[in-house]
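A.B. asks: One predicted model, sequence on top.
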Amino acid sequence: MLTDAQHALRAATRRAIKLAGGPVAAAKDLRVDQGRLSNYGSPDGSLYVPIDVAFEVDQLAGDPVILRAWADLMGFELVARNADAAATRDLTVAAGQVARESGELISATIEAAADGAITPREARAIDEAAADLEEKVVHIRQAARRSLTGQ
């Protein structure tokens, strides 16, 4: 049985791979194949993403998803050096991402509940969609807080 931290890392790995275009597309730019990438993010997988591959997946994703999850698990907040400028510039994009992720969470929940029973796979899909949304909302809140304090 996986710990909460292990689930969080696997979920972050899945999200990063998804943002990188999925395992097939991402594998073209990495030293590992699509099957191994899928295993890294699978709740039932036996392998964890090596640090060099995690770095490259985050780069392909355009967002440090795995690094942020790791920092959070270690009790740190990951903040970009140019966070203020980037947050201001990307706030509209972030709001659009919240809208998209909200829709994905609602869709996953409705689809899962349609037959009156939620399977473990459906529960994982809901959890992953909620984590994606939560991450985007946190970004907006952090940007707003920095603006309030003038940092």
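C.D. replies: Arrived safely, thanks for sending.

A.B. asks: give the contact list for Arg31.
C.D. replies: 52-53 (CB atoms under 8 Å, 6 or more residues apart in numbering). In short, each C-beta sits where N, CA and C put it, glycine included.

A.B. asks: I'd like to know how far it sits from Ile66.
C.D. replies: Distance, Arg31 to Ile66, using CB to CB, to the nearest Å: 16 Å.

A.B. asks: Could you do Leu105 as well?
C.D. replies: Distance from Leu105 to Ile66, by CB to CB: 21 Å.

A.B. asks: Remind me what the least confident helix or strand in the chain by mean pLDDT packs against, helices and strands.
C.D. replies: Across the helices and strands of the chain, the lowest-confidence element by mean pLDDT, DSSP states H and E is helix 83-113, at a mean of 81. Counting contacts by 3 or more CB pairs under 8 Å, 6 or more residues apart in numbering; DSSP states H and E, helix 83-113 is packed against helix 120-149.

A.B. asks: Please point out which parts of the helix it packs on sit buried.
C.D. replies: The neighbour-count check on helix 120-149 (16 or more other CB atoms under 10 Å) flags 122, 124-126, 128-133, 135-136, 139-140, 143 as buried.

A.B. asks: give the contact list for Gly62.
C.D. replies: Leu19.

A.B. asks: so what pLDDT did it get?
C.D. replies: At Gly62, the predicted lDDT confidence score is 88.

A.B. asks: try the one 3 residues further on
C.D. replies: Val65 is assigned a pLDDT of 93 by the prediction.

A.B. asks: again with Ala131
C.D. replies: 89.
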